[in-house]
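Novice: coordinates for the following, if possible.
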Amino acid sequence: MTSLDKPTSDTDQPHRTDQQDADAKAVTEAALFEAFGGLRGMVETVLPGLLFVTIFTINKDLKASAIAALAVSLILVVVRLVRRDTVKHAFSGVFGVAFGVVFAMMTGNAKDFYLPGMLYTLGLALAYLVTSVAGVPLIGLILGPVFKENLSWRTRNPGRKKAYTKASYAWGLILLAKCAILFPLYWWADTAELGWVLVALKIPPFLLAVYLTWVFLAKAPPPIDVFAEMEAEEQAEKARKAAAAQTVQSPEARNSDY
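Specialist: This is a model prediction of the structure:
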């Protein structure tokens, strides 16, 4: 069993100082900020839906509202491309808005602009819960590469696996609670009411889930940097090969002296 495969337990982790705890919290905060897009990602998530419901509330024009929402999503992508920033959050926003526009235009019901996003939220909530029960929490799959630990937390770092499981349960339950509010409104409320409630529920549940994830991970053992370990293994292997080659060449070098 190599060092890359050797499992560890919570008791194997050394006691951390206050400074190490502070560093762990800072690293966790930065990783979450990167993974979920930060302030700009939240703006890109909220703005298209906010524009749609604002315009529809004023003039009840489905086409104008849909075009405006799609246009602002595309503008956000262009801005990121010009600035050479990460575009995954902006692109996901464009796809979400595009699906909403297609649904609403096909049915002629403005409320269907929100339906794809609501179904996605429900599916995501179930994915968080199911993967947690299965022992492969989704939040760990998302954040593992960000922390450069990949899937090492599954077998080698049980403390982090436990934290990822708690965080995934938190995400799943929070998103289910959001769906429990939105789906009845989809049937009973008008488009403007549903839209304003949906906009209001965009950020607070997300921030709560991110905060709980930060709390769980900040208290967990530090991630195992598998990339650094693999690099160290490669360097050690190169050193072994160089030493072996030098050993083979040494007799030839001695013979050349005769």
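Novice: show me the helices in the protein, by range?
Specialist: When secondary structure is read from DSSP state H, the chain shows helices at 18-36, 38-59, 62-83, 88-107, 115-133, 138-143, 152-155, 158-188, 191-200, 203-218, 226-255.
Novice: and the last one, what's buried?
Specialist: This points to helix 226-255. Judged by neighbour count using 16 or more other C-beta atoms under 10 Å, the buried positions of helix 226-255 are V226, E229. The way it works is simple: take the backbone N, C-alpha and C, and place the C-beta from them, glycine included.
Novice: against T121, how distant is the nearest residue to F56 once chain neighbours are set aside?
Specialist: Leaving aside its sequence neighbours, F56 sits nearest to S65 (C-beta to C-beta, 6 or more residues apart in numbering; 4.2 Å). Separation of S65 from T121 (C-beta to C-beta, to the nearest Å): 21 Å.
Novice: more neighbours: which of those two?
Specialist: S65 (25 against 19; other C-beta atoms under 10 Å).
Novice: spit out the contact partners of that one.
Specialist: With contact set as C-beta atoms under 8 Å, 6 or more residues apart in numbering, S65 has these partners: L51, F52, V53, I55, F56, A110, F113.
Novice: any weak-confidence spans in the stretch 151-258 of the chain?
Specialist: Counting by pLDDT under 70, the stretch 151-258 of the chain shows low-confidence ranges at 242, 248-258.
Novice: check contacts around the nearest residue to L201 once chain neighbours are set aside.
Specialist: Nearest residue to L201, sequence neighbours excluded (C-beta to C-beta, 6+ apart): K178, at 5.6 Å. Each residue near K178 by C-beta under 8 Å, 6+ apart is listed here: T121, A125, L201, P205.
Novice: give me the number of residues near the last one?
Specialist: It stands for P205. Residues near P205, counting by other C-beta under 10 Å, number 16.
Novice: residue contacts, it?
Specialist: Going by C-beta under 8 Å, 6+ apart, P205 touches I174, L175, A177, K178.
Novice: would TSV of the residues you listed with distance to L138 be doable?
Specialist: Formatted as TSV, the contacts of P205 follow (distance: C-beta to C-beta, whole Å):
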residue	distance to L138
I174	13
L175	11
A177	17
K178	16
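Novice: top of the residues you listed by number of neighbours, please.
Specialist: Ranked by the number of neighbours (other C-beta under 10 Å), those place L175 first, at 23 neighbours.
Novice: correct me if wrong: it contacts Y128.
Specialist: Yes - the criterion here is C-beta atoms under 8 Å, and L175 meets it with Y128 at 6.9 Å.
Novice: tell me which of the contacts of K178 is nearest to Y186?
Specialist: Using C-beta to C-beta, T121 is the member of those that lies nearest Y186, at 11.8 Å.
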